[in-house]
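A.B. asks: Structure for this input, please:
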Amino acid sequence: MPSLLLVISRYMMIFLLALLILCFFSPVYRASRNKSEKKRRDQFNVLIKELSSMLPGNTRKMDKTTVLEKVIGFLQKHNEVSAQTEISEIQQDWKPSFLSNEEFTQLMLEALDGFIIAVTTGGSIIYVSDSITPLLGHLPCDVLDQNLLNFLPEQEHSEIYKMLSSCMLMTDSASSDYLKTDNELEFYCHLLRGSLNPKEFPTYEYIKFVGNFRSYSNVPNSSCNGFDEAVPRAYRTSPGKQICFVATVRLATPQFLKEMCIVEEPLEEFTSRHSLEWKFLFLDHRAPPIIGYLPFEVLGTSGYDYYHIDDLELLARCHEHLMQFGKGKSCCYRFLTKGQQWIWLQTHYYITYHQWNSKPEFIVCTHMVVSYADVRVERRQEMGLEEVSSEVVSSALKVQ
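C.D. replies: Below is the predicted model of the structure:
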């Protein structure tokens with residue numbers, strides 16, 4: 001009996017094995033397996049195609065291996081940048097947690113009367129923060145790609161260039177070790193102030209640079225000031241990497257009254273009503289966030305109490321025109337905010353008349369915040385000057 005069971009079980013195993021072999025080689029099974037494999041291949045190809053479309057600088061069709069290699073390279077670089085960002089994140093307890101690095105830096109620069117600048121060892125300015133405008137009157141686009149020496153008095157050129165190019169006089173290994181150590185550089189110099197009138201005699205502000213030399217890749221090339229050609233070939237930096245001087249620039253003498261120069265195009269405005277003697281009668285709810293004053297703080301006071309002394313003559317002419325024609329637009333002028341800063345405004349106004357006796361009652365004004373770039377264009381047009389590039393202005397100043 002046991003032998004009979006053994007024989008039956010053996011035949012059953014052979015039968016099942018034969019059945020599996022038949023199923024494996026059957027057309028139906030092969031079709032099902034091919035369909036599953038095709039579905040997996042299609043999904044993989046779709047993913048590769050999506051990755052390929054997301055890669056930067058994709059101008060040609062790449063094979064799967066190239067796409068995966070580029071993705072791996074991107075992820076590795078992203079991890080390095082994330083690690084560097086985490087290291088540079090301000091961790092001190094005195095930084096409020098609700099402020100980002102950028103917001104905190106901006107508040108610190110405003111409090112310190114300073115701005116940030118990045119300069120190559122050849123003197124080319126590759127970055128400057130917007131806070132340079134209220135402090136020195138230059139728009140960031142005026143100084144970018146210019147040489148720092150163009151904004152210094154000629155007698156300071158040699159000394160400043162010597163300090164900036166000190167890293168270039170070392171060997172590569174020494175320079176690398178130098179960048180890892182405390183390489184802080186601190187110096188004082190005079191920097192050219194910007195002006196609405198480029199023909200004015202140049203004035204310089206005494207300032208303090210405090211910064212470090214750092215190595216960066218993908219730094220823009222120096223501007224065509226002839227500076228690279230003046231440096232010996234042996235001392236020039238490699239094209240792949242450049243050493244830059246990143247510094248905080250502060251005014252040696254703090255400004256108690258600063259201009260609030262809006263660099264970008266502003267979209268803020270508010271309305272007010274004035275008597276014919278130009279005293280405030282009404283101020284709308286949009287004004288306090290812009291000028292800082294609440295309505296009851298300005299009612300009954302003269303608008304001329306808040307205007308910059310250099311703009312009074314132009315404003316008086318505008319108001320004479322208003323009284324003569326009943327409506328008009330003012331020039332760009334500076335208004336003193338409650339925070340003791342000058343903000344640039346331009347006003348559209350008209351006179352309202354009594355409906356019964358047609359006598360003038362009051363003046364309705366719509367004040368708009370104006371960007372410093374618009375102010376400069378208007379003032380130079382009034383002086384019969386065209387808006388010129390900062391390179392032309394700086395070269396003209398050097399001739400003077």
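
A.B. asks: drop to CA atoms for contacts and neighbour counts, all remaining ones
C.D. replies: Will do.

A.B. asks: where in the stretch 101-250 of the chain is pLDDT low?
C.D. replies: Scanning the stretch 101-250 of the chain for pLDDT under 70 picks out 111, 167-182, 216-241.

A.B. asks: Could I get the full set of helices for it?
C.D. replies: 101-112, 132-136, 140-143, 157-164, 172-180, 227-230 (DSSP state H, counting those that start in this stretch).

A.B. asks: Tell me where the stretch 1-150 of the chain has strands.
C.D. replies: Along the stretch 1-150 of the chain, counting by DSSP state E, counting those that start in this stretch, strands occupy 114-120, 125-128.

A.B. asks: in the longest one, what's buried?
C.D. replies: Across strand 114-120, burial judged by 16 or more other C-alpha atoms under 10 Å covers Gly114, Phe115, Ile116, Ile117, Ala118, Val119, Thr120.

A.B. asks: Return the member of these nearest to Arg40.
C.D. replies: Ala118 (51.1 Å; C-alpha to C-alpha).

A.B. asks: Pull the contacting residues for that closest one.
C.D. replies: When contacts are counted by C-alpha atoms under 8 Å, 6 or more residues apart in numbering, Ala118 touches Ile125, Ile126, Tyr127, Val128, Cys244, Phe245, Val246, Ala247.

A.B. asks: Name the nearest residue to the last one, sequence neighbours excluded.
C.D. replies: Once its chain neighbours are removed from consideration, Ala247 has its nearest residue in Gly211; the separation is 3.7 Å (C-alpha to C-alpha, 6 or more residues apart in numbering).

A.B. asks: what's the answer for the fourth one, then?
C.D. replies: Counting by C-alpha to C-alpha, 6+ apart, the nearest residue to Val128 once its immediate chain neighbours are dropped is Ile117, at 4.4 Å.

A.B. asks: Pop the domain breakdown of the protein in here.
C.D. replies: 2-85, 103-256, 269-370 (automatic domain parsing).

A.B. asks: In CSV: those, plus distance to Gly384.
C.D. replies: Below are the domains of the chain laid out as CSV (distance: least, C-alpha to C-alpha, whole Å):
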stretch, distance to Gly384
domain 2-85, 46
domain 103-256, 10
domain 269-370, 15
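
A.B. asks: Ok, which of the ones you listed comes nearest Arg380?
C.D. replies: That would be domain 103-256 among these, by C-alpha to C-alpha, at 6.5 Å.

A.B. asks: one step back: separation between the residue nearest to Ala247 and Tyr188?
C.D. replies: 12 Å (C-alpha to C-alpha, to the nearest Å).

A.B. asks: for this structure, longest helix please?
C.D. replies: With DSSP state H setting the assignment, residue counts place helix 27-54 as the longest helix in the chain.

A.B. asks: how about that one: buried residues?
C.D. replies: Ile48, Lys49, Ser52.

A.B. asks: With stretch 366-377 instead?
C.D. replies: In stretch 366-377, counting by 16+ other C-alpha under 10 Å, buried: Thr366, His367, Met368, Val369, Val370, Ser371, Tyr372, Ala373, Val375, Arg376, Val377.

A.B. asks: Identify those among these that sit within strands.
C.D. replies: Mapping the buried residues of stretch 366-377 onto strands (DSSP state E) picks out Thr366, His367, Met368, Val369.
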